[in-house]
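Trainee: The sequence and its predicted three-dimensional model are supplied below.
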Amino acid sequence: MTLKGKSYALGAGTIINAIATLKGSAFGVDLKTFVDVELSEDSGTIHGEIDGNPDADTTLIERSVELVLKHYGLEYSGTVSTKSEIPLASGLKSSSAAANATVLATLDAIGERMDSLDAVRTGVQAAVDAGVTVTGAFDDACASFFGGIVVTDNENLELVKRTECDKDVLIFAPDEKGFSSKTNISRSKLIADWIDIAYELALDRNYGRAMTLNGFLYCGALGFDTELMMRALEVGVEGVSLSGTGPAFTALVEKGKANELKKSWENCNITGNVIKTKINNSGAFWE
């Protein structure tokens with residue numbers, strides 16, 4: 001007998017990067033990763049496939065299936081395949097989306113229902129096991145799963161606050177790629193005291209100011225140019241930041257300013273794509 005399941009989860013943007021303090025904040029965006037899982041009742045292996053990228057490392061999605069099956073004491077072989085709208089290796093939480101969607105699709109296949117936070121934590125563990133994250137990315141995983149804006153304590157895997165928000169999101173995704181596992185942790189730790197200030201702003205729901213402070217701090221620590229942030233400030237955007245450890249930048253934009261910022265970013269001397277989307281408050285799909 002063959003068991004089939006499917007799901008999707010969201011990409012996300014950064015308000016507070018958790019590397020410096022293990023406390024973070026992020027928002028779900030309306031870009032999705034779709035996952036299909038197909039299992040057979042024998043004790044073989046799980047094989048992963050990433051649409052359009054046949055040479056990509058599939059350890060994360062394979063490990064996500066394995067952890068769900070282990071939790072329920074099941075042994076299956078099968079395939080897990082992903083298709084994504086999220087630019088890979090750009091700081092837009094493609095790994096968190098893939099892990100979340102794979103966990104949910106596996107649960108769908110085996111007919112089980114897991115507590116939402118336990119499902120998120122399973123995906124976080126898979127990301128740690130696969131070596132694709134520095135912090136475990138619990139903040140990113142919560143934003144990808146629940147949507148809206150989340151504030152988290154990553155050290156204790158605690159969702160501190162979730163808020164729904166109706167704003168456009170503008171993303172500048174450079175042609176270059178970056179990987180969280182390669183980031184400079186020691187330099188990120190040097191800005192911890194100032195990131196704490198940004199985190200307090202996020203707790204008070206001053207998300208735009210928190211996001212921009214986070215952006216300037218991490219650009220300084222990790223060596224990114226702040227031109228895209230300055231262009232956002234010039235058109236009156238309050239919240240703009242390096243997303244994760246880059247290289248993408250994201251901005252939370254009032255609906256009247258999105259086209260103005262899009263034009264400014266498209267005219268800068270950095271090669272990449274500008275993506276206009278919005279905060280997704282609905283979160284991941286699972287039946």
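Mentor: Arrived safely.

Trainee: contacts, neighbours, all on C-alpha from now
Mentor: Fine.

Trainee: Spit out the contact partners of the closest residue to Arg63 other than its chain neighbours.
Mentor: Nearest non-adjacent residue to Arg63, counting by CA to CA, 6 or more residues apart in numbering: Ala126, 5.5 Å away. Ala126 makes contact with Leu60, Ile61, Arg63, Ser64, Leu67, Ala99, according to CA atoms under 8 Å, 6 or more residues apart in numbering.

Trainee: now with 7 Å?
Mentor: Contacts for Ala126 (CA atoms under 7 Å, 6 or more residues apart in numbering) come out as Leu60, Arg63, Ser64.

Trainee: before we move on, which element is it in?
Mentor: Secondary structure assignment for Ala126, by DSSP states H and E: helix 116-130.

Trainee: same deal with Ala143?
Mentor: Counting by DSSP H and E, Ala143 is found in helix 138-146.

Trainee: same check, this time on Leu159
Mentor: Per DSSP H and E: strand 158-163 holds Leu159.

Trainee: Would you mind pulling the contact partners of that strand?
Mentor: Gly148, Ile149, Val150, Val151, Thr152, Asp153.

Trainee: can you do 6 Å?
Mentor: Residues from elsewhere that reach strand 158-163, judged by CA atoms under 6 Å, 6 or more residues apart in numbering: Gly148, Ile149, Val150, Val151, Thr152.

Trainee: thinking the first one is in contact with Glu164, fair?
Mentor: Yes - checked against CA atoms under 6 Å, the pair Gly148 and Glu164 is within contact range at 4.6 Å.

Trainee: Which of those two has more residues huddled nearby?
Mentor: Legend: neighbour count by other CA atoms under 10 Å for Gly148 and Glu164, higher for Gly148 (23 against 16).

Trainee: any chance you could read off phi and psi for that one?
Mentor: With angles defined as degrees, to the nearest 10, Gly148 sits at phi 70, psi -160.

Trainee: If you count contacts, what does the helix or strand harbouring Val103 end up packed against?
Mentor: Element membership for Val103, per DSSP H and E: helix 94-110. Packing contacts for helix 94-110, counted by 3 or more CA pairs under 6 Å, 6 or more residues apart in numbering; DSSP states H and E, involve strand 2-16, strand 23-40, helix 59-71.

Trainee: what's the most buried one of those?
Mentor: Most buried of the helices and strands packed on helix 94-110, by mean neighbour count (mean count of other CA atoms under 10 Å): strand 2-16, with a mean of 28.

Trainee: shaky segments in this protein?
Mentor: For the chain, residues meeting the criterion pLDDT under 70 lie at 89, 134, 177-183, 287.

Trainee: Who are the contact partners of Leu104?
Mentor: Neighbours of Leu104 in contact, by CA under 6 Å, 6+ apart: Ser7.

Trainee: That one and Tyr8: what is the separation?
Mentor: 8 Å (CA to CA, to the nearest Å).

Trainee: Which residue lies nearest the spatial centre of the protein?
Mentor: Of all residues in the chain, the one closest to the mean position by CA atoms, centre = their mean is Lys93, 2.3 Å from it.

Trainee: Settle this for me: that one is touching Gly11, isn't it.
Mentor: Yes - here Lys93 reaches Gly11: they are 5.3 Å apart, a contact under CA under 6 Å.

Trainee: still on that earlier bit, Provide a list of residues in contact with the residue nearest to the centre of the chain.
Mentor: Applying CA under 6 Å, 6+ apart, the residues contacting Lys93 are Gly11, Ala12.

Trainee: And this protein, what are its domain boundaries?
Mentor: Domains of the chain are assigned by automatic domain parsing as 2-163, 168-278.

Trainee: Of all those domains, which one comes closest to Phe285?
Mentor: domain 2-163 (5.4 Å; CA to CA).

Trainee: I'd like the distance from that closest one to the chain centre, please.
Mentor: How far domain 2-163 lies from its chain's middle: 9 Å, per CA atoms, centre = their mean, to the nearest Å.
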